[in-house]
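predicted model and sequence follow; I will ask about them next.
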Amino acid sequence: MPEWTSAEDVAFMPAVELARLVRERAISPVELVRLYLARIETYDAPLNAFVTVAAEQALRDANAAEASLYRTAELPPFHGVPISIKDITVSSRAFADTVPAADSAVVQRVKDAGFIILGKTNLPELGAWPVTESALNGACRNPWNTALTPGGSSGGAAVAVTAGFCPVAQASDGAGSIRIPAACCGVIGLKPSRGRVPSVQRGIGDMVVDGAIARTVADAAALLDVLAGQEIDPFLAEVDRRPRAMRVGFTTRSPIGSPVAPECIAATEQTARQLAALGHDVAPAEPDWFDPSVVDSLLIVRQTIPAAMGNPDRSLLEPLTAALAAMAEATSSAALVGAMIALRNYASRVARFWRDYDLLLTPTLARAPIPVGSLLTGHDVRAVFARSAEFAPFPPVANLLGQPAISVPTASMHDGIPVAVQLIGALGAEAELIQVAAQMELSGAWTMRRPQLTEG
């Protein structure tokens, strides 16, 4: 480890900085992998971020990366930098023995960029819920308070980044699955536009997209460049570009009429003032999006997740997931198409907002992270889905629209937990989101915050 800094400081360095140090041979890939593996071994037991740690393979890859430093002139952008991948077995006993025959396009791009995969991170069964708890892999816990959820479905990814187990994490988002855990854990969660990144859709139409969880906006942008194959006009370059004066509308009213906690409202209003001070044109405004019935339509679409996974043996599924499968079988094709049409009509109506505004600012969550074990109780899927929607009513709208969105921590803390806000941009306008989020980062202090971890 370099003499000029501590091992913990290195663990919390941005990925782009680690990549520079590796290229300059100031730190070696083997040192980095050993550092992160040691942190996982020491601190992950109480958190349960990783379901698989590929220590031997990661060390082999690190040794190969180190050797190539001395014989290869052209190195990939993240040569020798560790990363985590969201678990392909989707935390289900029905897929516990699944070994993919080939890497997905996203994983291949991660490898081609020089990243070293440390292992696979935790999620709820089939990625269906906004908390990370499953019968197969157990509950994942928030590093700021282990009694609370880190959110979901990419909870393990957010915990891994927050706890300093890796500098960045690949994640996916079908109804807020990147932004919800990023908000719970106080890190950056970037969901790109529909079609920006090649991905395998799993049962909720075209709502799912792969994206990034990171501690800095630059790292999130750089990982998006990797996932999207962006080489011309990379998103990383947007971090240093001063944005034009954006038209920003902000609202704290839930689109389904559910309560929003005072701390979430206060953080959003404070961010609105911050953006105005940065020179943006900020005003209270919201899309034509108030419609509680959208929850029912969304449940009809989301209940197809088990079917999209190949109709796994229902006896191996958790009760709530099995109930989703049963609901799907009892739903007619006409009802499913009707729900999809209703959601598309809803999205078309909401999208008109971006004719007059560049960005929409909202809370990411409607309340602080909830206790572990408090959401997935009982067998009433509709009740659990309704509670899920009330916890995080804002993120799914961006998935229905197909538009990019980012969850950004704020200076606010509530009971020791970070509070986050969400920005939604126009379709294809990731650059504007990144520019404004980078501005917010410069005037905030969240990148310096680290949770106190307990050995386990």
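Noted; the coordinates are in hand.

which SSE is E269 in?
When elements are assigned from DSSP states H and E, E269 belongs to helix 262-277.

name the residues of that helix that come out as buried.
Of all the residues in helix 262-277, those buried under the rule 16 or more other CB atoms under 10 Å are 263-264, 266-269, 271-272, 274-275. Where C-beta positions appear, they are placed from N, C-alpha and C, glycine not excepted.

ok now that helix, how far from the chain's centre?
22 Å (CA atoms, centre = their mean, to the nearest Å).

same thing with stretch 345-360?
From the chain centre to the centre of stretch 345-360 is a distance of 23 Å (CA atoms, centre = their mean).

next one: stretch 284-295
Chain-centre distance of stretch 284-295: 23 Å, with CA atoms, centre = their mean.

for the remainder of this discussion, apply numbering that starts at 37.
Sounds good: first residue 37 from here, last item stretch 320-331.

tell me how far the ends of that stretch are from each other?
Terminal residues of stretch 320-331 are spaced 25 Å apart (CA to CA, to the nearest Å).

okay, now A404: neighbour count?
Neighbour count of A404, defined by other CB atoms under 10 Å: 20.

in stretch 141-161, what counts as buried?
Within stretch 141-161, the residues that count as buried by 16+ other CB under 10 Å are 142-143, 145-147, 149-161.

which residues does I249 form a beta bridge with?
Residues in a beta bridge with I249, per DSSP bridges, are A205, G225.

wait, it touches G222, no?
No: with contact defined as CB atoms under 8 Å, I249 does not reach G222; the gap is 11.2 Å.

who's more crowded, these two?
Each of I249 and G222 has its neighbours counted (other CB under 10 Å); I249 has more, 34 against 27.

helix or strand for A218, which one?
Applying DSSP H and E as the criterion places A218 in helix 215-221.

and that helix, what does it pack onto?
Counting contacts by 3 or more CB pairs under 8 Å, 6 or more residues apart in numbering; DSSP states H and E, helix 215-221 is packed against helix 191-198, strand 224-227, strand 441-450, strand 453-461.

just the mean pLDDT for it, thanks.
Average pLDDT, helix 215-221: 98.

re earlier: next secondary structure element downstream of the helix holding E305?
strand 317-320.

list of residues touching whichever helix or strand comes after that next one?
The helix or strand immediately downstream of strand 317-320 is helix 330-338, counting by DSSP H and E. With contact meaning CB atoms under 8 Å, 6 or more residues apart in numbering, helix 330-338 is reached by 164, 211, 239-241, 243, 291-292, 360, 367, 371-372, 375-376, 378-379, 382, 417-418, 421-422, 425, 432, 436.

buried residues, helix 330-338. List them.
Those would be 330-331, 333-338, for helix 330-338 by 16+ other CB under 10 Å.

from the helices and strands packed on helix 215-221, which stretch is densest packed?
When you average the neighbours per residue for each of these (mean count of other CB atoms under 10 Å), helix 191-198 leads with a mean of 34.

tell me the residue furthest from the middle of this structure?
In the chain, the residue that sits farthest from the middle, by CA atoms, centre = their mean, is R107; the gap is 36.2 Å.

biggest helix in this structure by residues?
Among the segments of the chain that qualify as a helix by DSSP state H, the longest is helix 369-387.

how about the most centrally placed residue in the chain: what's its closest non-neighbour residue?
Centroid check for the chain by CA atoms, centre = their mean gives I214 as the closest residue, at 1.9 Å. Excluding its sequence neighbours, the residue lying closest to I214 (CB to CB, 6 or more residues apart in numbering) is G225, at 4.3 Å.

over to A193?
Counting by CB to CB, 6+ apart, A193 lies nearest to A205, which is 3.7 Å off, once chain neighbours are set aside.

quick check: the one you found touching G191?
No: using CB under 8 Å, A205 makes no contact with G191, being 10.7 Å away.

and for those two, which residues touch both?
T157.

and the helix-or-strand element of the chain with minimal mean pLDDT, which residues are buried?
In the chain, the helix or strand scored least confidently by mean pLDDT, DSSP states H and E is helix 341-344, which has a mean of 90. Within helix 341-344, the residues scored as buried using 16+ other CB under 10 Å are 341-342, 344.

between these, which is nearest D394?
Nearest to D394 out of the buried residues of helix 341-344 is I341 (CB to CB; 33.3 Å).

show me where the stretch 87-236 of the chain has helices.
Along the stretch 87-236 of the chain, counting by DSSP state H, counting those that start in this stretch, helices occupy 91-104, 141-148, 191-198, 215-221.

what sits against R215?
Neighbouring residues of R215 by CB under 8 Å, 6+ apart: 209, 225, 227, 400, 431, 441-443, 456, 458.

do you know how far it is from A447?
With distances taken as CB to CB, to the nearest Å, R215 is found 18 Å from A447.

check A366 too.
According to CB to CB, A366 stands 48 Å off from A447.

what do you get for A319?
For A319 relative to A447 (CB to CB), the value is 22 Å.

quick check: closest non-adjacent residue to R277.
Q471 is the one closest to R277 (CB to CB, 6+ apart), at 5.6 Å.

how far does the helix or strand hosting that neighbour sit from its chain's centre?
Following DSSP H and E, the helix or strand that holds Q471 is helix 466-478. Averaging C-alpha positions (CA atoms, centre = their mean) puts helix 466-478 17 Å from its chain's average.

buried ones in it?
For helix 466-478, using 16+ other CB under 10 Å, the buried residues are 466-477.
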